[in-house]
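A.B. asks: quick one: sequence and predicted model below, then my questions.
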Amino acid sequence: MTPYVYQEYPRWKYHWTRPPVIVQNSEQEAALGGGWANTPDAFLPYQGPRQIRKDGDDPLKWVNQWPVCGLSSDHRRKISVQLLRAHAAFWKAPDGSSADVDAMRMAFVGIAEVLLDAGLLTEPLLQSEIGQLVWDAAIAGGWWRFASEARQDIFSEQLGRYWVWRDDRRDWQTLFRAETAECRAKLLEVGSRQSKTANSSGQPEQPIESTPAPQQPNRPGKQARVSDFEKVRSEIRELKKAGFAQAAICERLGSKPRPPNAAWNRLLWPDAFRHRDYRNSVKSWISSL
């Protein structure tokens, strides 16, 4: 009798939403992308009615580590209030078709209003930072359950502090579009009221910046000002201290100044990190801080 010899391929692969397929080799398996598993059982813990996790659901887990300049303990307390309100709204009907994203949008607006009242709300916060905190809170709070603290085959997308799966049938880039527009309008209203107050008091009108102008990528031959770049260094250190992965740090930095003498300083931070020729250089530079 011929002894059984294990063969890795061909094998079945299973997905969150797609039909199972057979792959003949590792190249075909890699070409599938993320979200696939070797067994349908891998998805079972994330299906069916929601249940409270054994380690608890805590949407406030990352609030005190959110690296926003000028944020006081009182501001963080108010942000925690907004997250708990969204948490309560979610768990009243956790299995609703849009319960998770509804809670996230509610939290986004609440956090933005806290920052607006504190005079801390800016365009970068609206475009990236608030949304990232909301995602972290949604996963820690159990609103979004398709996530893990460690990378898995079924969770191949890194999002802030977690690895997630997000259905590609939805445009996730527009998740907070309406809320962002409303908050930008409120920023403009605040600037308009401040301008009118200054005029009515007889004081010379001062230019009000409702939102900072978006930073442009470094142009050839143009070096970032030293003071601006030192702010970037400080921000990177804070993000590292808060536990952010290098890829997430680069996403948060966006178009902020790059090292003036780096070969990749003409690229945005996320683009440089993804570039095969510069990725290791970017990682080494961040690690050196």
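C.D. replies: Now that the structure is in, tell me what you want to look at.
A.B. asks: for the rest of this, base every contact and every neighbour count on C-alpha atoms.
C.D. replies: Fine.
A.B. asks: name the element the nearest residue to residue 279 once chain neighbours are set aside belongs to?
C.D. replies: Closest residue to residue 279 apart from its sequence neighbours, by Cα to Cα, 6 or more residues apart in numbering: residue 273 at 4.5 Å. If you go by DSSP states H and E, residue 273 is part of helix 269-274.
A.B. asks: need the residues that contact that helix.
C.D. replies: 247, 250-251, 253-256, 258, 264, 278-280, 282-283 (Cα atoms under 8 Å, 6 or more residues apart in numbering).
A.B. asks: residues near the nearest residue to residue 127 once chain neighbours are set aside, how many?
C.D. replies: Take residue 127 and drop its neighbours on the chain: the residue closest to it by Cα to Cα, 6+ apart is residue 180, 7.4 Å away. If you count neighbours by other Cα atoms under 10 Å, residue 180 ends up with 22.
A.B. asks: double-check that residue 180 belongs to a helix.
C.D. replies: Yes. Judged by DSSP: H, G, I helix; E, B strand; the rest coil, residue 180 forms part of a helix.
A.B. asks: would you confirm that it contacts residue 128?
C.D. replies: No. Residue 180 lies out of contact with residue 128 (Cα atoms under 8 Å); the separation is 10.2 Å.
A.B. asks: how about residue 237, what does it touch?
C.D. replies: Residues in contact with residue 237 (Cα under 8 Å, 6+ apart) are residue 289.
A.B. asks: which strand or helix spans it?
C.D. replies: Secondary structure assignment for residue 237, by DSSP H and E: helix 226-241.
A.B. asks: state the next helix or strand along the chain beyond that helix.
C.D. replies: Following helix 226-241 in sequence order, the next helix or strand is helix 246-253 (DSSP H and E).
A.B. asks: now do that next one: which elements does it pack against?
C.D. replies: helix 226-241, helix 269-274 (3 or more Cα pairs under 8 Å, 6 or more residues apart in numbering; DSSP states H and E).
A.B. asks: which parts of the last one are buried?
C.D. replies: Residues 269-273 are the ones in helix 269-274 that count as buried (16 or more other Cα atoms under 10 Å).
A.B. asks: what does the domain assignment say about the protein?
C.D. replies: Annotated domains of the chain cover 11-45, 63-164+172-177, 226-287 [automatic domain parsing].
A.B. asks: want to throw those into CSV with distance to residue 3 and mean pLDDT?
C.D. replies: Below are the domains of the chain laid out as CSV (distance: least, Cα to Cα, whole Å; pLDDT from 0 to 100):
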stretch, distance to residue 3, mean pLDDT
domain 11-45, 20, 92
domain 63-164+172-177, 31, 93
domain 226-287, 45, 83
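A.B. asks: which one of these lies nearest to residue 184?
C.D. replies: Residue 184 sits nearest to domain 63-164+172-177 of all these, at 7.8 Å, using Cα to Cα.
A.B. asks: and that closest one, how far apart are its ends?
C.D. replies: End-to-end distance of domain 63-164+172-177 (Cα to Cα, to the nearest Å): 23 Å.
A.B. asks: which strands or helices does the longest strand seen in the chain pack on?
C.D. replies: Ranked by residue count under DSSP state E, the longest strand found in the chain is strand 11-15. Judged by 3+ Cα pairs under 8 Å, 6+ apart, the packing partners of strand 11-15 are strand 21-23, strand 36-37.
A.B. asks: before we move on, the earlier item: and of the helices and strands packed on helix 246-253, who's closest to residue 31?
C.D. replies: Nearest to residue 31, of the helices and strands packed on helix 246-253 and by Cα to Cα, is helix 269-274 at 18.3 Å.
A.B. asks: run through the neighbouring helices and strands of the helix or strand that comes right after that closest one.
C.D. replies: Sequence-wise, the next helix or strand downstream of helix 269-274 (DSSP H and E) is helix 279-287. Judged by 3+ Cα pairs under 8 Å, 6+ apart, helix 279-287 is in contact with helix 269-274.
A.B. asks: who touches stretch 110-119?
C.D. replies: With Cα under 8 Å, 6+ apart as the test, stretch 110-119 has contacts from 75, 78-79, 82-83, 121, 126, 130, 183, 187.
A.B. asks: what about the residues you listed, which are in helices?
C.D. replies: If you go by DSSP state H, the contacts of stretch 110-119 have 75, 78-79, 82-83, 130, 183, 187 in helices.
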